[in-house]
Every structure is written in C-alpha cells, then in structure tokens.
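> This is a predicted model, with the sequence first.
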Amino acid sequence: MEFIIAQSIFSKGLSDVSKAVSSRTLLPILSGIKIVAEEDGITLIGSNSDIIIERTISVTDEKVEIHKTGSMVVSAKYLTDLVKKLPEQIHVKADNNQIHIQAGTISTKLSGIDAEEYPSIPIIVGDSIHISAEELKDAVKTTGFAATKNETRPVLTGVNLTFAENSFTSVATDSQRLAFKRSDIQSSGEGSFVVPKSSIDELAKLIKHYSGMVEIQSAEGYIHFKTDEISLYSRLIAGHYPDTSALIPNEVKTTLVLCKETLIKGIDRACLFAGEWKNNNVVLSINEQKLSISSGSSEMGSIEELQEIKAIEGESDLKISVDGHFLLDSLKTINDAEIKVKFSGSMKPIVIESAREESTYLHLISPVRSY
C-alpha cells in the first residue's frame, strides 16, 4: 500500500473514525484504524463492535494520489496524534506489517497489523430511507437528552426513530421526562429502530457541517447511516419501545406563553439554590399575573423572581415543583424564541411546546416532591 495525501484531509478522516475506537476492547485489533487504499480512493475504518465509522476519501480530490493498493491496521491513538503534528503532504507506504510515513524532512515508522484479521463490516442490503441531515440533526438535538442512563431498562437508553410514509418521529424518555419530535419528509421507507444514544450523538457530530441527504438502512440488528463521504453502523437495542402517548395529559388547565431565554436564565438562577438531593426542586407558580420562579433550602438560602407572562389561557391558580435541571435540558434544545408551557395540575406532568400555531415537538416533565 502506498499513497500521498494532504495532511488536513488525512487528519480529519482519522479524527472522525477514531471516535469509534476504544482503548478498552477485548479484541486488540479494534484499538487500531483500518486503512484501505484502492484505485478510486482511501477508506478509513474505526470500530468498537457496537459502532463502526467508515470514511472514504476519493482520488477525485486533487490532494490524494494512490500509488499502490493494499491495506493495514495501525494504532488509532499513535497514528491520529502523529498525523495532527505533521506538515502538509504526507507520503504513506506500508509493507511487512509496518507503515512508513514521511512528511517533508520528517520520517516515521509505526507497527501495523494484517488487515485480514480486522472484523468485517455488516452487509446491509434492502430498502433505503432518505432524510435530510438537518432534519435528522434537529431530531437528535430535540429528543436525545431525555434518554435514560440507567441500564435497568436498556430500551430506554436509546432513541426511538420511526419512519412512515412521508413522516419521521423521534422519541426518548427516562420515565420522568419525555421528548418527542415529528417531521414531514419525502420518503416512502418505513421502519422503527431503537438506536443507542451514544451512536446518535456520534452521528450528529459527524454530520454537524453536512447539509445533504442521509441514507438509512437496517438489517440483522444493525442500522446504517450513510452520506457521500461517511458511514456509521450501529447496533440496535433489542426490545419493544413503550407507547409514550399515554403519558401526555389529556386535560390542560393552564397554558402560558413565555420568553424562552428569559425563562432559561431564571431557572438557571433558581437551580443554584436547589440541591441535587432535593431533586433540583424549582417551584413555578402564578403571582399577580406573573410567573414566579423560586427555590431554596435551609442550608443554602432561597431565591424568587417574577417574570412576564406573554399570554395566559385558563386558570391562574397554579403551583408545581419540577426538576430544574430537567427543565433546562429541555429549554436549551429549543430554537423558538417563545414557548408554550401547559399545566394540568400540581401532580401532573408539564408539557412544553412551540408557541407557533403548530408545534412539531413536545417535551414532558413529571413533577417532583415539594419539600
């Protein structure tokens, strides 16, 4: 194997795939990155068995030249760190389980492993679903935060992605809160998948600056997300995702329209006085047609502030305690300047939606015990 490549392109590719590599692996070869040089370009692969990231670098890029095809696995940490520190124009040559890297007057040599020993990538064929990267990123941002970190119910550690004809929904819940996002898409593909939150988060990072279409396929316990240059394979979480529609209150007693940024700042201040051992307890109530935000403890002291209510519908007799950090997690994922907060009673979950005529997302937060 032999090729010449620009340092910036090589470094970016190695950085992307190394995100799937773990130093704590039962298979030593998975601590490395597989490099494959073919006539049409270079493929870089990183994996930890649960997630696989594959990046292709085409020879159509003027900064890549393939002199000899071949493949090798090299330590992800050493190779990635080394290439970051090299100047432009890197000459890579591999033979006899060693990889030689030259950049200007710098010459290095790293031990490699025969690529034949590297686990094969899942072969996924069948119908594809297509969704814009922007829609997918927005769904991940708006719902992923609500997935649980508690492994006692593995299915809730993932995000449930459901595709039907021309529609896409994303749902996550930890039983105390729920996040739901619906989108209209132009795709006839169908399927429902529970994807680990860690995989979804990694995908969002990989396509952060990508604005094209993402192709999705699934088979035999894996899901495959593919763009023009990068692929992510992830194991799916087995099990049936619960029906979350029953969690949403049918009756709404009070609806408030609030400024999101002002509310974030108020909740953030209140959280300073709301200890974690008291469920980060923040109390919301209506006081003289203003929203009262308060919290406190005998150890820390207390705080209360009043904020303007843009609009109010229904009862003004309102008082509820919620986890302030849960509320902040929700508010920080919302792009709207104004939001609706719906209340159904002191012991019923609050619902957060867009203040626009038709909301495409819904966040639900259960009340907590008031001390």
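That came through, no problem.
> so where do the strands sit in the stretch 1-150 of the chain?
2-5, 32-38, 41-47, 51-58, 64-68, 70-75, 90-95, 98-103, 106-113, 129-132 (DSSP state E, counting those that start in this stretch).
> so what does the fourth one touch, helix or strand wise?
I take that to be strand 51-58. helix 7-18, strand 41-47, helix 197-206, strand 230-235 (3 or more Cβ pairs under 8 Å, 6 or more residues apart in numbering; DSSP states H and E). Where you see a C-beta, it was placed from the backbone N, CA and C, and this is true even at glycine.
> quick one on the thing from earlier: of all the strands of the stretch 1-150 of the chain, which one is nearest residue 275?
Judged by Cβ to Cβ, the one of the strands of the stretch 1-150 of the chain that comes nearest to residue 275 is strand 51-58, at 36.3 Å.
> For the closest one, buried residues please.
Within strand 51-58, the residues that count as buried by 16 or more other Cβ atoms under 10 Å are 51, 52, 53, 54, 55, 56, 57.
> And for the fourth one, nearest residue in space, chain neighbours not counted?
In space, residue 54 comes closest to residue 231 once its chain neighbours are excluded; the distance is 4.3 Å by Cβ to Cβ, 6 or more residues apart in numbering.
> Pull up the per-residue confidence for the one you found.
The per-residue pLDDT reported for residue 231 equals 97.
> from memory it sits against residue 53, does it?
Yes: Residue 231 lies in contact with residue 53 (Cβ atoms under 8 Å); the separation is 7.2 Å.
> before we move on, back to that, between the strands of the stretch 1-150 of the chain, which gets nearest to residue 149?
Taking the strands of the stretch 1-150 of the chain one by one with Cβ to Cβ, strand 51-58 is closest: 17.4 Å.
> Now the closest one: average pLDDT?
On average, strand 51-58 scores 96.
> And it, how far out from the chain middle?
18 Å (Cα atoms, centre = their mean, to the nearest Å).
> what's it in contact with?
Residues outside strand 51-58 that contact it (Cβ atoms under 8 Å, 6 or more residues apart in numbering): 5, 9-10, 13, 16-17, 19-20, 40-47, 64, 121-122, 196, 198-199, 202, 206, 229-235.
> at 6 Å what do you get?
Strand 51-58 is contacted from outside by 13, 16-17, 20, 41-46, 64, 121, 199, 229-234, using Cβ atoms under 6 Å, 6 or more residues apart in numbering.
> which helices and strands does the helix or strand containing residue 353 pack with?
Applying DSSP states H and E as the criterion places residue 353 in strand 350-354. When contacts are defined as 3 or more Cβ pairs under 6 Å, 6 or more residues apart in numbering; DSSP states H and E, strand 350-354 sits against strand 338-343, strand 361-365.
> Quick one: closest of those strands to residue 151.
Of all the helices and strands packed on strand 350-354, strand 361-365 comes closest under Cβ to Cβ, at 22.4 Å.
> and the angle from that closest one to strand 338-343?
Interaxial angle, strand 361-365 versus strand 338-343 (axes from the mean of the first three to the mean of the last three Cα atoms, to 10 degrees): 40 degrees.
> returning to what we had before: pull the CA atoms of the strand holding residue 353 into PDB?
C-alpha atoms of strand 350-354 as PDB (Å, rounded to 0.1, in the frame of the first residue of the first chain):
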ATOM      1  CA  ILE A 350     -46.000  19.900  32.400                       C
ATOM      2  CA  VAL A 351     -45.800  20.000  28.600                       C
ATOM      3  CA  ILE A 352     -43.600  22.300  26.700                       C
ATOM      4  CA  GLU A 353     -44.300  23.100  23.000                       C
ATOM      5  CA  SER A 354     -43.700  25.800  20.400                       C
END
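> what angle do that strand and strand 338-343 make?
160 degrees.
> Between its first and last residues, how far does stretch 296-314 reach?
28 Å (Cα to Cα, to the nearest Å).
> now it, how far from the centre of its chain.
32 Å.
> for it, which positions count as buried?
296, 303, 307, 309, 312.
> Equivalent analysis for stretch 341-356, please.
So, applying 16+ other Cβ under 10 Å, buried residues of stretch 341-356: 341-345, 348-355.
> ok, of the residues you listed, which one's closest to residue 322?
Distances from residue 322 to those, taken by Cβ to Cβ, are shortest for residue 350, at 6.3 Å.
> Quick check: nearest residue in space to residue 255, chain neighbours excluded?
Nearest to residue 255 is residue 313, by Cβ to Cβ, 6+ apart, at 4.4 Å.
> just residue 112 next, same as before
That would be residue 72: by Cβ to Cβ, 6+ apart, it lies 4.3 Å from residue 112.
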